[in-house]
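Colleague: The following block contains a protein sequence and its predicted model.
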Amino acid sequence: MSSQEVRQSPRAEPRFFYGYIVVVAALCIMIAIWGAYYAFGVFFKPMLTEFGWTRAMTSGAFSLSMVLLSADKQSSPRVKKVTGFTGGEEQNNKARSQRAC
């Protein structure tokens, strides 16, 4: 085996890795969603007047969303395990092999 060496020209500057932009954008989106979800108390009175709901109905809607979010987080891994859905290349390869038979 011969060893091969990768050579760069002396003027080559390191390029910017654009994956960092994706990471920063995802972080900003997550912070915005988290802030909007947990800032419910700030918008409580405006929502009461906008929708004409009672305080119990408005709090109940928020409580229901929290319960459903929790239930989804608890059941998602089980659903994926039972159905065998992985959502990746494995699923595509499995479908291709079944069609080939």
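Modeller: Okay, I see it. Residues are numbered from 1 along each chain as shown.
Colleague: May I see the buried residues of the strand or helix carrying Ala25?
Modeller: Per DSSP states H and E: Ala25 is located in helix 19-38. Going by neighbour count (16 or more other Cβ atoms under 10 Å), nothing in helix 19-38 comes out as buried. C-beta: built from backbone N, CA, C; applies to glycine.
Colleague: Return the distance of it from the chain's centre.
Modeller: Here the centre of helix 19-38 is set off from its chain's centre by 10 Å, with Cα atoms, centre = their mean, to the nearest Å.
Colleague: can you list the residues that contact that helix?
Modeller: For helix 19-38, there are no external contacting residues (Cβ atoms under 8 Å, 6 or more residues apart in numbering).
Colleague: So which residue is smack in the middle of the chain?
Modeller: Centroid check for the chain by Cα atoms, centre = their mean gives Met30 as the closest residue, at 8.2 Å.
Colleague: now it: how far from Thr54?
Modeller: Going from Met30 to Thr54 by Cβ to Cβ, to the nearest Å gives 32 Å.
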